[in-house]
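S.K.: I would like to see how this sequence folds:
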Amino acid sequence: MDTDEVERLIEAGIEGASARVDLPRVPDEGHEDAHFAAVVVSPAFEGKSLVEQHQMVYDALGEAMTTEIHALEMKTYTPAEYEGDAV
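M.R.: Numbering: from 1, shown residues only. Okay, here's the model as predicted:
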């Protein structure tokens, strides 16, 4: 799985989401463990706790979280929070 596919899954699974996914470290070609880092912005996060927001991302990724994604670092924001934080 590549970063574009992770972005597509997140954006398809969370209404109004915009995701930016990259690889936070140099991939080890000899390892199958895929480590990703995501910044996800969505109005669907309004009124949700950080844990609930992260669970929404995990749910959007579904089975890939147990098969193709070894680790996922994430930052989640509502649109207002993202504008204020300017990541």
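S.K.: look up phi and psi at the most centrally placed residue in the chain.
M.R.: In the chain, the centroid-proximal residue (Cα atoms, centre = their mean) is residue 38; its distance is 4.1 Å. The phi/psi pair for residue 38 (degrees, to the nearest 10) reads phi -130, psi 140.
S.K.: I'd guessed it sits against residue 75; true?
M.R.: Yes. Contact criterion Cβ atoms under 8 Å: residue 38 and residue 75 qualify, at 7.4 Å. (Glycine included, C-beta is placed from N, CA and C.)
S.K.: quick one: residue 76 is in a strand?
M.R.: Yes. Counting by DSSP: H, G, I helix; E, B strand; the rest coil, residue 76 is found in a strand.
S.K.: so how many other residues sit close to it?
M.R.: 23 (other Cβ atoms under 10 Å).
S.K.: do the one 4 residues further on as well
M.R.: By the criterion of other Cβ under 10 Å, residue 80 has 11 neighbours.
S.K.: same question, residue 56
M.R.: Neighbour count for residue 56, taken as other Cβ under 10 Å: 21.
S.K.: residue 77 now?
M.R.: Residue 77: 18 surrounding residues under other Cβ under 10 Å.
S.K.: ok, the residue nearest to it when sequence neighbours are not counted - contacts?
M.R.: Spatially, and ignoring its direct neighbours in sequence, residue 77 is nearest to residue 41 (4.9 Å; Cβ to Cβ, 6 or more residues apart in numbering). By Cβ atoms under 8 Å, 6 or more residues apart in numbering, the contact list for residue 41 reads 17, 18, 19, 76, 77, 78, 79, 82.
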